[in-house]
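> sequence? don't have it. structure:
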């Protein structure tokens, strides 16, 4: 009802403005001057209406924004055009042959001006009321965002059980990245990532660097033994713009440090100590994933991938004994898919909070770092005319995301692709198309993280079997129930993980993101093809 009244008042203001100005112009003596000026007067509001209608049409049909009120603006433009044309035709007629004034020259200009002033006042009052209602709605959305964030926020952990406090100490001892330029050589990072072949555990600079980092390694191992991890964040007021997660980057650096130390110790023959470092990496990954934030989830997946690569390298040095494997525990209950569902809840809270910020100041820098920032004049227009329906579209899309996130990936993979096209296409609003495409890719990352975790789980079980029987089993089913409760399923096709015998040992693998069985060919990230693999060397 408020918008209908706003349209009517806008039409009344524009027509009264034309009538008032034409009444003044009607007293001019020259007829052609009256016609030209009156047409110009008519065209100014018409240009404004036509511009808004064209903008709304472009947003609706070219950009796919819902709720642009294109048809209302088009109707308003048509009514104005008809009304203004009638005023001009009626007012520009000559009164008689002797009087050179137009009919409009006799219109009561004072009364028209008063009526115009009253219409403008009513129009501004209606807009102010709609804006006030929008602000109240924003306050409710802000409160809902806080409640939603708190519903998935991790529980606080007592200081004695909180690994985050020890991680912070370790990062302080490590110092800033700039101070490690001489130590964190690109070649060493290449060894950890697998991009640089020819790992040399005897390199003096590497061993000296690890010796200097001994206090950090001790703290990281202590943190890994803690049952919980809680970084202090203000979940009651979710703010994705000012959220500081810088420690996640430094924890990835710390995981690289553990990886280097594990590889050096394995090369020295101390496999038990190497596996302690690997276990610390797995624990770090699970500590990081305890936060329901997408960047934390992706960091956790990256750390676990690093841990899996390090474990594969260390187990390739020699067969592990039961004593050496005693420190290695891979939790079968870990599920990145479950973490993804929780992170989507937090992401919805972040998106609602961002909507509230946009409703206060239209800040393009939220989406474009090169933008000059906020446009407060546009915020009220966006708040009154677009925000509510834009948020409604965003929330409808988030509901679909939540429904897909709780399903196994192999069942929902086609629905993920359809939703991706839907968001990027005409049915996605501004907020949905700006915020959600990156989220859809997270489903694949979570599925790959689960696939890698399950592959590692099977690999460790195979090592325990070999340590107990001095040989690898013939098939994965031989691991149950002594070493595995059941053979894990591949998140990408729902079938059991695959085992392939090679001349040098075994390859356990998942078919990976390309959904093609490549026979245990390791994943090539540049080509985006291959399987998620773990190779065990059979030195017996």
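That came through fine. Here the structure is a predicted model, which is why all the values come from computation and not from measurement. Numbers count the residues shown, from 1 in each chain.

> Can you tell me the element the residue lying closest to residue 264 once chain neighbours are set aside falls in?
With sequence-adjacent residues excluded and distances taken as C-beta to C-beta, 6 or more residues apart in numbering, residue 264 is closest to residue 201, at 4.5 Å. (Each C-beta comes from the backbone N, C-alpha and C, glycine too.) Following DSSP states H and E, one finds residue 201 outside all helices and strands.

> Return the residues in contact with residue 419.
Neighbour list for residue 419: 397, 400-401, 404, 440 [criterion: C-beta atoms under 8 Å, 6 or more residues apart in numbering].

> What about those, which are in helices?
The helices, defined by DSSP state H, take in 397, 400-401, 404, 440 from the contacts of residue 419.

> Can you lay out the residues you listed as CSV showing distance to residue 130, pLDDT and neighbour count?
Shown next, in CSV, are those (distance: C-beta to C-beta, whole Å; pLDDT from 0 to 100; neighbours: other C-beta atoms under 10 Å):
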residue, distance to residue 130, pLDDT, neighbour count
397, 26, 84, 25
400, 30, 88, 17
401, 31, 88, 23
404, 36, 90, 21
440, 34, 73, 19
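
> Which secondary structure elements does the helix or strand encompassing residue 308 sit against?
Using DSSP H and E, residue 308 sits within helix 294-315. Here helix 294-315 touches helix 186-193, helix 246-267, helix 271-289, helix 336-360, helix 437-469, strand 532-537, going by 3 or more C-beta pairs under 8 Å, 6 or more residues apart in numbering; DSSP states H and E.

> Make TSV out of the ones you listed and add distance to residue 58.
Output for the helices and strands packed on helix 294-315, formatted as TSV (distance: least, C-beta to C-beta, whole Å):
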stretch	distance to residue 58
helix 186-193	45
helix 246-267	40
helix 271-289	43
helix 336-360	20
helix 437-469	21
strand 532-537	44
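
> right, so of those, which gets closest to residue 17?
helix 336-360 (30.1 Å; C-beta to C-beta).

> thinking again about what came up before, from the contacts of residue 419, which single one is nearest residue 176?
Closest approach between the contacts of residue 419 and residue 176, by C-beta to C-beta: residue 440, at 34.9 Å.

> quick one: what helix or strand has residue 145 in it?
Judged by DSSP H and E, residue 145 forms part of helix 109-152.

> before we move on, the earlier item: for the residue nearest to residue 264, give me its contacts.
By C-beta under 8 Å, 6+ apart, the contact set of residue 201 is 207, 263-264, 267-268.

> For residue 519, give me its contacts.
The contact partners of residue 519, by C-beta under 8 Å, 6+ apart, come to 500, 531.

> Could you look up the SS state of it?
Under DSSP: H, G, I helix; E, B strand; the rest coil, the three-state class of residue 519 is coil.

> distance of it from residue 81?
To residue 81, residue 519 is 70 Å away according to C-beta to C-beta, to the nearest Å.

> do the same with residue 310
In this view, residue 310 and residue 81 are 72 Å apart by C-beta to C-beta.

> What of residue 7?
Taking C-beta to C-beta, one finds residue 7 at 15 Å from residue 81.

> Kindly state the pLDDT recorded for the closest residue to residue 94 other than its chain neighbours?
Counting by C-beta to C-beta, 6+ apart, residue 102 is the residue found nearest to residue 94 once chain neighbours are left out, at 6.1 Å. If you check residue 102, the pLDDT there is 77.

> how many other residues sit next to residue 269?
Residues near residue 269, counting by other C-beta atoms under 10 Å, number 11.

> Where does it sit: helix, strand or coil?
coil.

> State the next helix or strand along the chain beyond the lowest-mean-pLDDT helix or strand in the chain.
Lowest by mean pLDDT, DSSP states H and E among the helices and strands of the chain is strand 374-375, with a mean of 47. The helix or strand immediately downstream of strand 374-375 is helix 376-385, counting by DSSP H and E.
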